[in-house]
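**Student:** mind folding the following:
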Amino acid sequence: MTAVTVEGAFEKMSLTFVSFTSVVTLSLLVILFGDFFAQKFETEKIRYYRLIRQAKSRTLLNHLLIPFLISLSFLLLTIIANYLVLGITSGNWGSLIYPYGQLSQVVTPYWQVDLWALGFLVLTLLFIITLSQLLAVIFKKTLVVVGIELLLIVGYDFLHQKDLFKPFIKFLPFEYLFGVSVVFPDEKYLFGTNSMLIGAGYLLICSLIFYLLTNLLYQKWLYRTK
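**Tutor:** Numbers count the residues shown, from 1 in each chain. Next comes the predicted model:
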């Protein structure tokens, strides 16, 4: 696939958006969510929801939806603000249908690429949040939860570059957290042109499994009486 020359603000914003999920970004999200969830269990602040007779399943769901919606809204507002700044400063707002390049002999417009990137951003947030919840319920220690997640993200980023490890990367969910590799599929990489659908399904299934396991463990979790 051959990329074309970037013209206006929309194209520049799109390139930033589709390459948003880097190791640094994922690490920051891990620290944010891992600290948020683990501290509630470490200090047992989460036990106070029992005083208002809130079901544990609802408490867990609220702690999934609230950080998800806040973080997604913040990221989207940041992207939109970036677009407005680029458009105002350059005077060129770009075009929704400007082609990114060739994808299986088909010209792909930037708006379509952005939709793919948005979908994977949503799935990436869900994956990290549900994984943080699961580790928080198991370990209940902020440093342990954040440390394990950072080790998984940074460790995978190091290992997936090794030739010995490359045949297995398409079977690991962490590869699909880096949106560029699946938003712009290569016929010789991962599952080829099916990488987007398979990767999206993989992240969604993993998130559901993490959430169900968290709910199961949380239902059995006993509050310490004080």
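**Student:** so where's this protein uncertain?
**Tutor:** 1-7, 40-56, 98-107, 180-188, 221-226 (pLDDT under 70).
**Student:** let me see the ranges of the helices in the chain.
**Tutor:** Along the chain, counting by DSSP state H, helices occupy 9-18, 23-42, 56-90, 110-139, 142-159, 180-183, 195-219.
**Student:** of these, which is nearest residue 171?
**Tutor:** Closest to residue 171 of the helices of the chain is helix 195-219 (CB to CB; 8.8 Å). Backbone N, C-alpha and C define where each C-beta goes, glycine included.
**Student:** and for the closest one, what's in contact with it?
**Tutor:** When contacts are defined by CB atoms under 8 Å, 6 or more residues apart in numbering, helix 195-219 is touched by residues 56-57, 59-60, 64, 116, 119-120, 123-124, 126-127, 130-131, 133-134, 137-138, 170, 173, 175-177, 181-183, 185, 189-191.
**Student:** hang on, the earlier thing: can you lay out the helices of the chain as CSV showing distance to residue 166 and mean neighbour count?
**Tutor:** Below are those laid out as CSV (distance: least, CB to CB, whole Å; neighbours: other CB atoms under 10 Å):
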stretch, distance to residue 166, mean neighbour count
helix 9-18, 23, 21
helix 23-42, 18, 19
helix 56-90, 30, 14
helix 110-139, 21, 21
helix 142-159, 10, 17
helix 180-183, 12, 21
helix 195-219, 15, 17
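**Student:** for residue 97, find the nearest of the ones you listed.
**Tutor:** Closest among those, using CB to CB: helix 110-139, at 6.9 Å.
**Student:** so who does residue 86 touch?
**Tutor:** Contact analysis of residue 86 by CB under 8 Å, 6+ apart lists 8, 9, 12, 13.
**Student:** for the residue nearest the centre of the chain, which non-adjacent residue is closest in space?
**Tutor:** Centroid-nearest residue in the chain: residue 124, 1.8 Å away (criterion: CA atoms, centre = their mean). Nearest residue to residue 124, sequence neighbours excluded (CB to CB, 6 or more residues apart in numbering): residue 177, at 5.2 Å.
**Student:** burial of the one you found, as a residue count?
**Tutor:** Applying other CB atoms under 10 Å, we find 25 residues neighbouring residue 177.
**Student:** surely it meets residue 126?
**Tutor:** No. Taking CB atoms under 8 Å as the definition, residue 177 is not a contact partner of residue 126, at 10.9 Å.
**Student:** against residue 88, how distant is residue 115?
**Tutor:** Using CB to CB, to the nearest Å, residue 115 is found at 25 Å from residue 88.
**Student:** now do residue 137
**Tutor:** For residue 137, the distance to residue 88 equals 46 Å [CB to CB].
**Student:** what's the answer for residue 207, then?
**Tutor:** From residue 207 to residue 88 the distance is 37 Å (CB to CB).
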